[in-house]
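J.: the following comprises the amino acid sequence and a computationally predicted model.
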Amino acid sequence: MEHVDVAIVGGGPAGSSAGRAAALEGADTVVIEKGVPRADREGLGPDSTDAAGILDYWVDIMDIDISEVPDGVILQELSGTDFIGPTETVQLNATGIDASYHHFGFTFHRARMDDWLRERAEDAGAEYRVGTGVRSVESDLTGTPLHTLTLKDGSEIETPHLVLADGPQRTVSGQVLTDLLPGGEFERLSPPTANHIAYQEYREFPEELFERDRLKFWWGYMPGHTAYPWVFPNDGTVARVGLTMPIGMDIDAVANREEYALLRPEDERIPSGKVYVERILDLAYPEYDLDDFPLVKDRGKRDGTETYPISSTRPIESPTRANVAVVGGAMGATSAFHEGGDHVAMRTGKIAGRLAGMDAMRAYNSEWQEAIGDEVLRNVVMAEMVHDFGPRDWDRTFKLINAIMGEDGYKPRDAASQGLYGAKMFAGYTKRKYGYRDGRYCQIREDEYAV
Ligand SMILES: Cc1cc2nc3c(=O)[nH]c(=O)nc-3n(C[C@H](O)[C@H](O)[C@H](O)COP(=O)(O)OP(=O)(O)OC[C@H]3O[C@@H](n4cnc5c(N)ncnc54)[C@H](O)[C@@H]3O)c2cc1C
């Protein structure tokens, strides 16, 4: 049987970053990626979710030298983001967080970024094996941990250090963690109930409508927590128009459904992603027809469209006593609030890979919390605060934010002086932040694992 020092399941941003870091420590490292076809990539590669935007301070969290990113990866430099509520709009032109990157952020070509991360892992000496996924993992924890991976072609790989980077579907990490959580705690993270679904289309925009330096999000237009449509500028005048929403919503359970601009009285079920995209284009650009935004069919996964699961749980700690680190989307590091996750995937992957390569995985949970804890805490708290928001709540909150907005963004503490609602929001924010201090935002703690 093949034996390696470090085996990594999944070759997305987290897995490639882990592979590079482990190989840089001199470890014999393999990254196993099942391989997904895309219209805009030759051959199989990772499952590159091409809805990619990065904020200025995320670049520091990624911990990469941005000048090394090859040409063609970054598509547009951003000056800001528009959050559009039913009647109130917030224009955010600064994140308000210190950052070494000098624009508001950028959009990027995710497949090219992933290919570059893979190249870096390979240059460092990791093997990136694509085309056959991991079917199962058996772990022998009776002495020094030893994990045996069985691939879909029946071949086996044995390793003392396992990094699980298989994304939000957790096909392999779910199995490994379920075995270590005999009390059924993994149920809380079960993908069909805990995940969102995201859908997007590549559409050519009329030149006069294309805002190349702004992201746009519409809040309070469709029901469901963390449910919103967006427009992201790509290259040329192509934009990705998409949305995210919880899986399995029942339209009859939606309170005040007439308040949601993207629902119609005749809807018998929650509209499909495709219908939502058509409705947001119609609503946002009423003088234009859908035909004015033709689908760009040679992009994305297939025919100019993409559908993805997206993790919407809080992050989990890893069973490091078993020499297992769960990273990126698989650990729930993607924010349930704004869906951003490439930055935390790359960072957690890097930390896990380095520690695996050094045979020091016990430090993983404290190191990732040190590196991305502030970001996670902020996002977990925000996601919770807006969880039950309806259209009116969005308007009210955007009004509040506009009242405290400065040139450098806004500070939540300034809300405290903005009347009763501002004081209530700020008190809720600080109370939750306190409640989730010191890693309490984790949905599973290390001592819950039976290792
Ligand atoms: C619609 C959408 C929009 C998003 N927008 C943004 C954004 O604007 N900015 C941002 O920063 N983040 C964004 N994200 C989040 C970001 O895509 C994720 O956080 C990031 O991809 C997580 O990286 P990862 O490597 O952990 O997982 P993934 O990118 O999901 O990679 C996991 C990899 O594991 C592979 N795999 C799975 N199972 C197996 C197996 N059994 N064997 C072998 N390989 C396997 C998959 O093929 C895949 O390549 C968005 C996500 C979605 C869905």
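T.: Yep, that arrived.
J.: for Val344, what are its contacts?
T.: Residues near Val344 by CB atoms under 8 Å, 6 or more residues apart in numbering: 61, 328, 333-335, 372, 375-376. Every residue, glycine included, has its C-beta placed from N, CA and C.
J.: and which of those is nearest to the ligand?
T.: Nearest to the ligand out of these is Gly328 (CB to the nearest ligand atom; 2.2 Å).
J.: who's in contact with the residue nearest to the closest one when sequence neighbours are not counted?
T.: Spatial nearest neighbour of Gly328, excluding adjacent residues (CB to CB, 6 or more residues apart in numbering): Ala14 at 2.8 Å. Ala14 is in contact with 165, 327-330, 345-346, 348-349, counting by CB under 8 Å, 6+ apart.
J.: Ala14 sits in which helix or strand?
T.: Per DSSP states H and E: Ala14 is located in helix 13-24.
J.: next SSE downstream of that helix?
T.: Immediately after helix 13-24, counting by DSSP H and E, sits strand 29-33.
J.: tell me which of the contacts of Ala14 fall in helices.
T.: 345-346, 348-349 (DSSP state H).
J.: now render those residues as CSV, adding pLDDT and neighbour count.
T.: Putting the ones in helices among the contacts of Ala14 into CSV (pLDDT from 0 to 100; neighbours: other CB atoms under 10 Å) gives the following:
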residue, pLDDT, neighbour count
Ala345, 97, 29
Met346, 98, 26
Thr348, 98, 33
Gly349, 98, 33
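J.: tell me which of the residues you listed is nearest to the ligand?
T.: Ala345 (3.4 Å).
J.: what mean pLDDT does stretch 306-320 have?
T.: For stretch 306-320, mean pLDDT is 85.
J.: also stretch 248-260?
T.: Here the average pLDDT along stretch 248-260 is 94.
J.: send me the longest helix along the chain as CSV with only the CA atoms.
T.: For the chain, the helix with the greatest residue count under DSSP H is helix 364-385. This file holds the C-alpha atoms of helix 364-385, laid out as CSV (Å, rounded to 0.1, in the frame of the first residue of the first chain):
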residue,chain,number,x,y,z
TYR,A,364,-4.2,23.5,14.7
ASN,A,365,-7.3,24.7,16.5
SER,A,366,-5.5,27.4,18.5
GLU,A,367,-3.6,28.6,15.4
TRP,A,368,-6.5,28.9,13.1
GLN,A,369,-8.5,30.8,15.8
GLU,A,370,-5.6,33.1,16.3
ALA,A,371,-5.4,33.8,12.5
ILE,A,372,-9.1,34.1,11.5
GLY,A,373,-10.9,34.3,14.8
ASP,A,374,-11.8,38.0,14.6
GLU,A,375,-13.2,37.5,11.1
VAL,A,376,-15.2,34.4,12.1
LEU,A,377,-16.5,36.1,15.3
ARG,A,378,-17.7,39.2,13.3
ASN,A,379,-19.4,37.1,10.7
VAL,A,380,-21.1,34.6,13.1
VAL,A,381,-22.5,37.5,15.1
MET,A,382,-23.7,39.4,12.0
ALA,A,383,-25.3,36.3,10.5
GLU,A,384,-27.1,35.7,13.8
MET,A,385,-28.3,39.3,14.0
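J.: does that helix reach the ligand?
T.: No - Helix 364-385 stays clear of the ligand (CB under 6 Å from any ligand atom), getting no nearer than 11.1 Å.
J.: cool, and stretch 322-331?
T.: Yes - shown here: stretch 322-331 in contact with the ligand (CB under 6 Å from any ligand atom) through 328-330.
J.: could you turn the buried ones of these into a PyMOL selection?
T.: Here is the PyMOL command that picks out the buried ones among the residues of stretch 322-331 next to the ligand, judged by 16 or more other CB atoms under 10 Å:
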select buried, resi 328+329+330
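J.: residue boundaries of the strands in the stretch 1-150 of the chain?
T.: Counting by DSSP state E, counting those that start in this stretch, the stretch 1-150 of the chain has strands at residues 2-3, 6-9, 29-33, 36-38, 41-45, 52-55, 74-78, 80-84, 89-92, 105-108, 127-130, 134-140, 146-151.
J.: how about the residues of the stretch 251-400 of the chain by the ligand?
T.: 308, 310, 328-330, 334, 339-343, 345.
J.: end-to-end on stretch 250-269?
T.: Length of stretch 250-269, first residue to last, CA to CA, to the nearest Å: 7 Å.
J.: okay, now Asp291: neighbour count?
T.: Neighbour count of Asp291, defined by other CB atoms under 10 Å: 6.
J.: measure it to Arg203 for me?
T.: 11 Å (CB to CB, to the nearest Å).
J.: could you list the low-pLDDT ranges of this protein?
T.: 51, 190-194, 311-312 (pLDDT under 70).
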